[in-house]
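Q: Dropping a prediction and its sequence here:
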Amino acid sequence: MYRYILRRSVSGLLLILAVSLATFFLMFAGGDPATRMAGESGSVADIIRIREAYGFDRPIILQYLSWLGGFLTGDLGRSLYFDLPVSSILVERMFTTMRLGACAILLAVAIGVPLGVAAGCHPNTKIDRFALLFAVVGQAMPTFWFALLLVIAFSVTFPILPSSGLDSWKHYIMPMVVLSYFAAPAIMRLTRSGMIGVLDTDYIRTARAMGIVPRKVLMKYALRNALIPVVSLAAAQFGYMLAGSVVVESVFAIHGAGRLAWESILRSDLPVIQALVLCFSLFYIVLTFLADVVNAWLDPRMRIS
Amino acid sequence: MTAAPVASAVGAKPIVTRILPRWRQHTGFMLGFSVLVVFALMAILAPLLAPHDPYAQDLMSRMRPPVWMEGGSWDHPFGADQVGRDYLSRIFYGARISLFVGLCVTLLSCLIGTTLGVAAGYFGGRVDTVISFLITARLAIPVVLVALAVVALVGSSLQVVIAVLGLLLWDRFAIVMRATTQQIRSADFIVAAKVQGASHLQIVVQEILPNVVNNLLVVATLEIAQAIVLEAALSFLGIGVPAPTPSWGLMIAEGRADVFFDPWLITIPGAFLFVLVLATNMTGDGLRDLTAPEGRNR
């Protein structure tokens, strides 16, 4: 087990290195960053001064190493727009997004898993078709349109929910529903197919033949095995959801990391964008790492392969 | 010297001839595919179908509601937007943008993903390790965020949106192609081709590709849907296809300010987007059911 965790951490660290490299070069996607920062009215002298001030005149590899070194010590650079350290802006925003995302993924699991179990236990029945419809509609629904539809329904036609901000529990309902409906279909489908696969195995047939109460067969033997792949999926979905918060936060005017990313992109505030991309990637890497560890604990076979 | 005939033994017959007998029975596929055909016709025939120029502004008919609402007229069946452009015409031309972006992005990402996936599956070993690492790294990168950032930095235009999405969305192709190639790499017909002295390129093109084309088609269909949604999302956030291009995502963004009084500005383009993505997904799911080996006995 420890060896598995060790091996998995090494590949995780390599992954972080690769992603940080990609994120760093994002800065150069739009050409010379100094020219961009100087703006249209900037003179050649301005550009040269910016280059020196921000260290753009150093070899690229040195720039990368100092940026990465700063990141590791908690110095994420300085926002060009706010003229404040990026970390001071980021932490609170990230917290908002994480809280919303955590609520949403819990809701998605709470809907997706029971629905998937019900559909998997009774394939080709009414409940299965309902679950399939739920998934197919959810996977085709663009998040931003769904969010606006909810606003039209519950803030305009029947004004019972607030359409923007995050001040009370009522504000959480619509963004949570939108984000969880984005993640729930995949969780439902995987639970369903896992359930169908497990119920067909010899050990379940044996357990049933031995006369163990069907409920216990389902809960103790089938569900545990069917849920192993769902753990990884839910972790990955949580990561995507955080990154997808750009859209939802811009619709509901929530001051989270997603909205900050969108605003920073509009202002070309590169240090903030880089820090956000790297943070979201880091979350994803850490989440999938944790999911793998949980799975290795649930399923001993994974530790060997 | 080639070993082409061997490939057909595994079932490389064209996809259509194998589906034809059973396709009618698959309601989801039939429904999705028919709707997709309608949308494609809409996109191709947009200049003939559209009652007005999608760019022509007419201040007299500003914010004219659709025909089924009070104050609507048949002159503008879906109403007219904030500057009096005919909404129906913009919807028709919007189908062009969506399908064009969907197809181009998929073509580009298919090329990248299939090359990587087949190489990883066919060669295995170190090549596989490196490519698998690339796939994992790509999965860790937040697509929407990076696409937004790059499009904003490079400057938004249709070409940039297509290039950026195409360079980001190859992961599913690579994963599926790697797995499928791994399954058949040690099959007899591949070994036979090797014994006959076929080069790696010959084996990949003549033996492997014909056998993975079904899976490729399924992934491509689902990927078209994803590209369409992402283009709409980027345009909705104001960093995709630039105005005044009639993109459905952009139309929804422009209607946002009037969400309280004229929600139809949002519901109409959104409904078209939803139905197009739904139909594409249903076609892809149907193709998988009809071509997947485990689905054949059903």
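A: Right, received. Where do you want to start?
Q: and the closest residue in space to A:Ala18 that isn't next to it in sequence, how many neighbours?
A: Ranked by CB to CB, 6 or more residues apart in numbering or on different chains and with sequence neighbours excluded, the top spatial neighbour of A:Ala18 is B:Ala137, at 4.4 Å. C-beta: built from backbone N, CA, C; applies to glycine. Around B:Ala137 sit 20 other residues, with neighbours defined as other CB atoms under 10 Å in any protein chain shown.
Q: Also the one 10 residues further on?
A: Look at B:Ala147: counted by other CB under 10 Å, it has 24 neighbours.
Q: packing partners for the helix of greatest length in chain B?
A: In chain B, with assignment by DSSP state H, the single longest helix is helix B:87-123. The elements that helix B:87-123 packs onto, with contact taken as 3 or more CB pairs under 8 Å, 6 or more residues apart in numbering or on different chains; DSSP states H and E, are helix B:27-44, helix B:46-49, helix B:125-140, helix B:158-168, helix B:171-184, helix B:209-236, helix B:248-255, helix B:264-291.
Q: returning to what we had before: hang on, isn't the residue nearest to A:Ala18 packed against A:Val19?
A: Yes - taking contacts as CB atoms under 8 Å, B:Ala137 lies within contact range of A:Val19: 5.8 Å.
Q: What values do phi and psi take at B:Gly155?
A: phi 110, psi 130 (degrees, to the nearest 10).
Q: residue nearest the centroid of the chain?
A: Using chain A here. Closest to where the C-alpha atoms of chain A average out (CA atoms, centre = their mean) is A:Gly239, at 2.0 Å.
Q: um, chain B though
A: Centrality entry for chain B: nearest residue to the mean C-alpha point is B:Ile224, 0.8 Å, by CA atoms, centre = their mean.
Q: From chain A, how far off is that one?
A: The spacing between B:Ile224 and chain A, counted by CB to the nearest CB, to the nearest Å, is 12 Å.
Q: One more: B:Pro246?
A: Plainly put, B:Pro246 is 16 Å away from chain A if you go by CB to the nearest CB.
Q: which residues does that residue contact?
A: The neighbours of B:Pro246, taking CB atoms under 8 Å, 6 or more residues apart in numbering or on different chains as the test, are B:Pro54, B:Tyr55, B:Ser89, B:Arg90, B:Ile91, B:Tyr93, B:Gly94, B:Ile97.
Q: Mark which of those are buried, thanks.
A: Burial by neighbour count, judged by 16 or more other CB atoms under 10 Å in any protein chain shown, picks out B:Pro54, B:Ser89, B:Arg90, B:Ile91, B:Tyr93, B:Gly94, B:Ile97 from these.
Q: The last one contacts B:Leu234, correct?
A: What that stands for is B:Ile97. No - counting by CB under 8 Å, B:Ile97 does not reach B:Leu234; the two are 11.8 Å apart.
Q: Please identify the buried residues of whichever helix in chain A runs longest?
A: Longest among the helix segments of chain A by residue count, using DSSP H, is helix A:86-121. For helix A:86-121, burial by neighbour count (16+ other CB under 10 Å) applies to A:86-87, A:89-90, A:93-94, A:96-98, A:100-101, A:103-105, A:107-109, A:111-113, A:115-121.
Q: ditto for stretch B:192-211
A: Residues of stretch B:192-211 classed as buried under the neighbour-count rule (16+ other CB under 10 Å) are B:Ala193, B:Ala198, B:Gln202, B:Ile203, B:Val204, B:Gln206, B:Glu207, B:Ile208, B:Leu209, B:Pro210, B:Asn211.
Q: Now pLDDT and distance to B:Asp75 too, for the residues you listed, in JSON lines please.
A: Shown next, in JSON lines, are the buried residues of stretch B:192-211 (pLDDT from 0 to 100; distance: CB to CB, whole Å):
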{"residue": "B:Ala193", "pLDDT": "88", "distance to B:Asp75": "64"}
{"residue": "B:Ala198", "pLDDT": "85", "distance to B:Asp75": "65"}
{"residue": "B:Gln202", "pLDDT": "88", "distance to B:Asp75": "61"}
{"residue": "B:Ile203", "pLDDT": "88", "distance to B:Asp75": "62"}
{"residue": "B:Val204", "pLDDT": "87", "distance to B:Asp75": "57"}
{"residue": "B:Gln206", "pLDDT": "86", "distance to B:Asp75": "58"}
{"residue": "B:Glu207", "pLDDT": "86", "distance to B:Asp75": "59"}
{"residue": "B:Ile208", "pLDDT": "87", "distance to B:Asp75": "56"}
{"residue": "B:Leu209", "pLDDT": "88", "distance to B:Asp75": "52"}
{"residue": "B:Pro210", "pLDDT": "87", "distance to B:Asp75": "53"}
{"residue": "B:Asn211", "pLDDT": "85", "distance to B:Asp75": "55"}
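Q: I'd like to know how many residues surround residue 191.
A: Chain wasn't specified; assuming chain A. 28.
Q: The intended chain is chain B.
A: By the measure other CB under 10 Å, the count of residues near B:Val191 is 12.
Q: Could the C-alpha coordinates of the strand or helix carrying it be exported in PDB?
A: Assigned by DSSP states H and E, B:Val191 belongs to helix B:188-195. Taking only C-alpha atoms (Å, rounded to 0.1, in the frame of the first residue of the first chain), the coordinates of helix B:188-195 have been written out as PDB:
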ATOM      1  CA  ASP B 188      -3.100 -12.800 -36.000                       C
ATOM      2  CA  PHE B 189      -3.600 -10.600 -39.000                       C
ATOM      3  CA  ILE B 190      -1.200  -8.000 -37.600                       C
ATOM      4  CA  VAL B 191       1.400 -10.700 -37.000                       C
ATOM      5  CA  ALA B 192       0.800 -12.000 -40.500                       C
ATOM      6  CA  ALA B 193       1.300  -8.500 -42.000                       C
ATOM      7  CA  LYS B 194       4.500  -8.200 -40.000                       C
ATOM      8  CA  VAL B 195       5.800 -11.500 -41.200                       C
END
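Q: Alright, calling it a day.
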